[in-house]
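Q: Next input, structure requested:
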Amino acid sequence: MATKVKESMSDNDRRGLLQAAVTSSLAVGNTVDGPYIRDIYPDYLVYEIKNKLFQSAYVIDQKGKVVLGAAEQVIPKTVYTPYQESVSAKIDEITALAGQREDATAARETLDRMIEAVDNADLTEEEAAVLVKEADAVIVKLQEAAPTKTEDGESYPAAAFAYTPDKEKPSSWKLRLWEDPTKKVTRKQLGAAAAAFSPGGFRGQKVQLPQEAMAGTKRKIRAAYSRLGVEDGDIPRWIKEANEMRERINESCEVDISEATAEGIAKGVLPVRIIKPGFNIGKGRYYSENSINDAGTIFEGSKMYADHLAKGDRPERSVRDWVATLHETRVSESGNAVGFAHIHAGWLKEMVSNLFEAGDLGHLGTSINAVGKATKQTIDGVKTMFVEGLVKSGMQSVDFVTEAGAGGQAGLRESAIDNILDAELMDLAMLKEARPDLVRAIETDINNKVQTEVKAKMEIEDRVKELEGQLDTVTKDRDTLKEAAEQAEKDKVRAVAQATIKEAVDKAELPEAAKTKLTKVFENAETADGIADAIKDEAAYIATITETNKVKNLGNTTKDEPDAVKTKESLKEGYIKLGMSEAEAKEAAGL
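A: Okay, the predicted model is just below:
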């Protein structure tokens, strides 16, 4: 392209210059992975390479030369103006009220205009004000028209109850889910509704519902728990279905031809409808709104393979078959789970481009693999599996297939493969049949681990017994040493006490017999306390006896007079009373 001056450039000229500048700056050339210019703004651009987005400032001078700024990775993000947010809030309010009315044609027409306006980035404040005013008028009409039921002094719409067989007859509504009009659905109120199904009922009142309405009502309460973020295991068992199970979901979906564009096809970006609510084509499954919301989340970033798994194939997929990645998954305005396949395999990009140019893109189908939570239900008279939600799994994928539905527009169709093994779904019998070698390997590994653990346990028990024996020995030795130390200390104290006692007695001016008596009395004493007092008492007692029995005015004599003998006898008796033996007392008294 010849270089043009800035003023004469068209949008295509500018895009061409910027594309060439980006390609040159990255030194990668034009490859199947990019770079592709995604968006151009007055002072910056966004380009894609290898499924990643980057933003870079740019300047084009008067001669058409491009200067790029530093690039930084970005992610796409929708930003609403305050005007759009005010309109969006009204959309939510009208949607909630309209759901309570059978005839809400006017409301739906207003909703359509408001939704279109929110998606318009050029919405002005004046236009938003007009829409809000129109919405308020619709809300007033819906509120005036909608019937309500009064409980505990508050008025509640049909949406506040789990069972509403006749939305025009509030007296038929049961099992309120709103705690009050302000708080609306709460876990406390859901607990009360669930308890009404228990044998004892809620506060003694057990709910009475037609049998055919039981499953659907419980399902509605479970869905309310799920929206509050309550885990399945924490939901009261009274509202759980006995036959709830996980089921492998294999459904074929379709390329959304109406959304495919030449620009997107050139970049390898292909719109895909993942799944839609309601019955599948065979009516073997019914997809709830919650399962669609799950699909709009869990498939983000899922790998896409060329051809789905065939019967008998192992669940592992080959990197050679990985041809695209699913991005920008969401729930569309029409209620379908949708996304964009970003194709990185060159041969598939070429094939998709050729099919698009030939008008045969509708013959290219896609098939999802996922795990769903399902219960057996009867819906519209059809026995089916009601898919309450989808579970994120390492096995999920969206694969390209050749068996498209009628013209690619017939809606979702049942996959030919319904028995693909999934580790989350198979039981032991299935695993033994499909992979006996794997079962044997697992059993061998478990046996080895058990034997190792048993051996280790036995060794630990033996060691514990050994240590316990050592502990007993050490404890006994410790106690023996402690007793010996205590005894030695006692002996030491006693020896000191006895030495003190002996010294005190030896120094006392007492007859030898009295000293012997005191020594005997204190021979086991461990302290010298009391010996001094005992010596004083002994001396005083002897003095008293001596004074009382003293012989006076006898003159000199060498022979014991009768009175003297009598006195000595008295002394002897006194010594005996002090504890001496008769022989000791005689000797002490001089007899």
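Q: Dihedrals phi and psi, Ala525?
A: phi -70, psi 140 (degrees, to the nearest 10).
Q: Quick check: chain neighbours aside, which residue is closest to it?
A: Closest residue to Ala525 apart from its sequence neighbours, by CB to CB, 6 or more residues apart in numbering: Ala497 at 5.7 Å. The C-beta positions use only the backbone N, C-alpha and C, and glycine is treated the same way.
Q: Next: Glu168.
A: Pro147 (5.9 Å).
Q: now that neighbour, what's its secondary structure?
A: At Pro147 the chain is in coil, as set by DSSP: H, G, I helix; E, B strand; the rest coil.
Q: try Pro165
A: Once three-state DSSP is applied, Pro165 turns out coil.
Q: Are we agreed that Thr527 is in a helix?
A: No: counting by three-state DSSP, Thr527 is not found in a helix; it is coil.
Q: what sits against it?
A: Applying CB atoms under 8 Å, 6 or more residues apart in numbering to Thr527 gives the contacts Val493, Ala497.
Q: still on that earlier bit, let me see the confidence value for the residue nearest to Glu168.
A: Predicted confidence (pLDDT) for Pro147: 79.
Q: From Phe161, how far out is it?
A: 12 Å (CB to CB, to the nearest Å).
Q: Give the residue from those two that has the larger number of neighbours.
A: Comparing Pro147 with Phe161 by other CB atoms under 10 Å, the one with more neighbours is Phe161, at 22 against 16.
Q: Give the full set of residues in contact with the nearest residue to that one once chain neighbours are set aside.
A: Leaving aside its sequence neighbours, Phe161 sits nearest to Trp173 (CB to CB, 6+ apart; 4.2 Å). By CB under 8 Å, 6+ apart, the residues touching Trp173 are Lys149, Ala158, Phe161, Tyr163, Thr164.
Q: Tell me how many other residues surround the fourth one.
A: Residue neighbour count, defined by other CB under 10 Å, stands at 21 for Tyr163.
Q: I'd like to know how many residues surround the spatially closest residue to it that is not a sequence neighbour.
A: Nearest residue to Tyr163 in three dimensions, chain neighbours excluded: Lys174, at 4.3 Å (CB to CB, 6+ apart). Residues near Lys174, counting by other CB under 10 Å, number 18.
Q: Lys174 is in contact with Lys206, isn't it?
A: No: checked against CB atoms under 8 Å, the pair Lys174 and Lys206 is beyond contact range at 11.5 Å.
Q: related to what we said a few turns ago, the residue nearest to Ala525 and Asp491, how far apart?
A: For Ala497, the distance to Asp491 - CB to CB - is 11 Å.
Q: Have a look at those two and say which one is more surrounded.
A: Comparing Ala497 with Asp491 by other CB under 10 Å, the one with more neighbours is Ala497, at 18 against 11.
Q: quick check, that one in a helix?
A: Yes: assessed with three-state DSSP, Ala497 lies in a helix.
Q: Would you point out which residue is most central in this structure?
A: Glu231 (9.6 Å; CA atoms, centre = their mean).
Q: Look up how far Lys184 lies from it.
A: Taking CB to CB, one finds Glu231 at 21 Å from Lys184.
Q: The strand or helix carrying Phe340: what's the following helix or strand?
A: Using DSSP states H and E, the element containing Phe340 is strand 337-343. Using DSSP H and E, the helix or strand that follows strand 337-343 in sequence is helix 346-358.
Q: That following helix: which residues count as buried?
A: For helix 346-358, burial by neighbour count (16 or more other CB atoms under 10 Å) applies to Leu348, Lys349, Met351, Val352, Ser353, Leu355, Phe356.
Q: which other residues reach it?
A: Against helix 346-358 from outside (CB under 8 Å, 6+ apart): 32, 260, 262, 265-266, 268, 270, 306, 323-324, 343, 361, 363-364, 400.
Q: just stretch 183-197 next, same as before
A: Taking CB under 8 Å, 6+ apart as the rule, stretch 183-197 contacts 160, 162, 175-179, 201-202, 205-207, 218, 221, 224-225, 227-228, 230, 235-236, 238-239.
Q: Out of these, which end up buried?
A: The buried subset of the contacts of stretch 183-197 (16+ other CB under 10 Å) comprises 160, 162, 175-179, 202, 207, 218, 221, 224-225, 235-236, 238-239.
Q: bridging residues for the residue lying closest to Asn293 once chain neighbours are set aside?
A: In space, Asn293 comes closest to Val331 once its chain neighbours are excluded; the distance is 6.0 Å by CB to CB, 6+ apart. Beta-bridge pairing of Val331 under DSSP bridges involves Ala337.
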